[in-house]
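Novice: my questions concern the predicted model and sequence given below.
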Amino acid sequence: MSRFDQDPFEFEAIKAALLDNTAPFPAAMTYYFSDIPAEDLDLLAAVWPEVWVERRRGLLEDMENLAEGDTLLFFDPMAIMCLRDEDPVARATAVRLLWQSQEEDLVPLFLGLLREDPEAIVRAAAATALGLFVYLGELEEIKTSTYQVVLESLIQAHLDSPDTLVRRRALEALGYAGHPEVSDFIRRAYDTNDEDWLQSALFAMGRSCDNHWSDSVMAMFDHPDNVVRYEAIRAAGELEIKAARELILDLLEEGTDDDDIYFAAIWSLSKIGGEGVRSLIEIALEETEDLEEIRFLEEALENLDFTEQINTFDMMFFEEDDPDNWFDEDEDDFD
């Protein structure tokens, strides 16, 4: 369902429902906030502060969940309005609602929150949001000046913020960066052996596209903290560490009671590929009756198809351009 699949609601009906604390807000009305016309947004902005704070929080969470499942929904104008909400939880949720947006105009808004918001949860959410623009900056898809101010602001937040959560999220956002200091930041976080910092270090390693972290990542597969293990397994997939395949296969064959670790292991294998991976996923698919797991395993098989196609292409490329054959071809030319 989308805004266009239902009869439109008039603003007065939305307003009445928002302010009626005796009844739940109708779920169908949530779609009203997608692609909301500018004039309606202005009317809503005047009413929004009167809405019960728990309802504001809940509606923003509902929008976040809907947007994850339907890419046609567009809540950005609503989220931008809510960046000024008086409630920090609502502001942080509004930032999360914008995490997938690549609009460069959002950068000043996120930077303002990172530097000036009085609440750590909001500053941390803003740091995470800026991670996408680090990635886009590395790809040269945003202005160099924008990228530089994002990079400098995140480095400053990582080094100087009084809040550990903000420093950690800034490090995670910097994981994409090729800046020479970032590798040292990651190493220092890793070497603390603090579980929270280990999680962030592993997350940043997974974003780095730098396989010199491979041994550090795999060393955490046996860590007693499940979240650290999850981040290590996930990072191994992001870095496509071939040497991690057998370790992850062994982990799955032994079994795990942690669903997050299970799903991370399957997805990482789908990114690494290789012997035994397809059969393991196919067997898991045959044995489960859980609809959510079925959808996930089917997506993992699709991702594995893509991985195998890339690997095949790479093999063909190296076979065609094998340096060992260059001299033979040159010798033939002289005959």
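Specialist: Good, I have the coordinates. Numbering: from 1, shown residues only.
Novice: give me the three-state assignment for Ser101.
Specialist: Using DSSP: H, G, I helix; E, B strand; the rest coil, the structure places Ser101 in coil.
Novice: list the contacts of Ala17.
Specialist: Going by CB atoms under 8 Å, 6 or more residues apart in numbering, Ala17 touches 23, 25-26, 29. In this view, the C-beta of every residue, glycine as well, is placed from N, C-alpha and C.
Novice: the stretch 101-250 of the chain: helices as residue ranges?
Specialist: Taking DSSP state H, counting those that start in this stretch as the criterion, the stretch 101-250 of the chain contains helices spanning 106-116, 120-138, 144-160, 164-174, 180-191, 195-207, 214-218, 226-238, 245-254.
Novice: list the buried residues in the third one.
Specialist: Along helix 144-160, the positions that meet the burial threshold by neighbour count (16 or more other CB atoms under 10 Å) are 146-147, 149-151, 153-155, 157-158.
Novice: just these now: which is nearest Arg84?
Specialist: Ser153 (20.2 Å; CB to CB).
Novice: now the closest residue in space to that closest one that isn't next to it in sequence: how far from Tyr262?
Specialist: Using CB to CB, 6 or more residues apart in numbering and skipping the chain neighbours, the partner closest in space to Ser153 is Leu111 (5.5 Å). Leu111 sits 38 Å away from Tyr262, going by CB to CB, to the nearest Å.
Novice: redo the helices of the stretch 101-250 of the chain as JSON lines? Include distance to Ala46 and mean pLDDT.
Specialist: Compiled in JSON lines, these are given as follows (distance: least, CB to CB, whole Å; pLDDT from 0 to 100):
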{"stretch": "helix 106-116", "distance to Ala46": "21", "mean pLDDT": "98"}
{"stretch": "helix 120-138", "distance to Ala46": "23", "mean pLDDT": "98"}
{"stretch": "helix 144-160", "distance to Ala46": "32", "mean pLDDT": "98"}
{"stretch": "helix 164-174", "distance to Ala46": "32", "mean pLDDT": "98"}
{"stretch": "helix 180-191", "distance to Ala46": "44", "mean pLDDT": "97"}
{"stretch": "helix 195-207", "distance to Ala46": "40", "mean pLDDT": "98"}
{"stretch": "helix 214-218", "distance to Ala46": "51", "mean pLDDT": "98"}
{"stretch": "helix 226-238", "distance to Ala46": "43", "mean pLDDT": "98"}
{"stretch": "helix 245-254", "distance to Ala46": "53", "mean pLDDT": "95"}
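Novice: wait, which of those is closest to Ile266?
Specialist: helix 245-254 (7.4 Å).
Novice: how far out from the middle of the chain is the closest one?
Specialist: With CA atoms, centre = their mean, to the nearest Å as the basis, helix 245-254 stands 25 Å off its chain's centre.
Novice: cool, and stretch 224-239?
Specialist: 15 Å.
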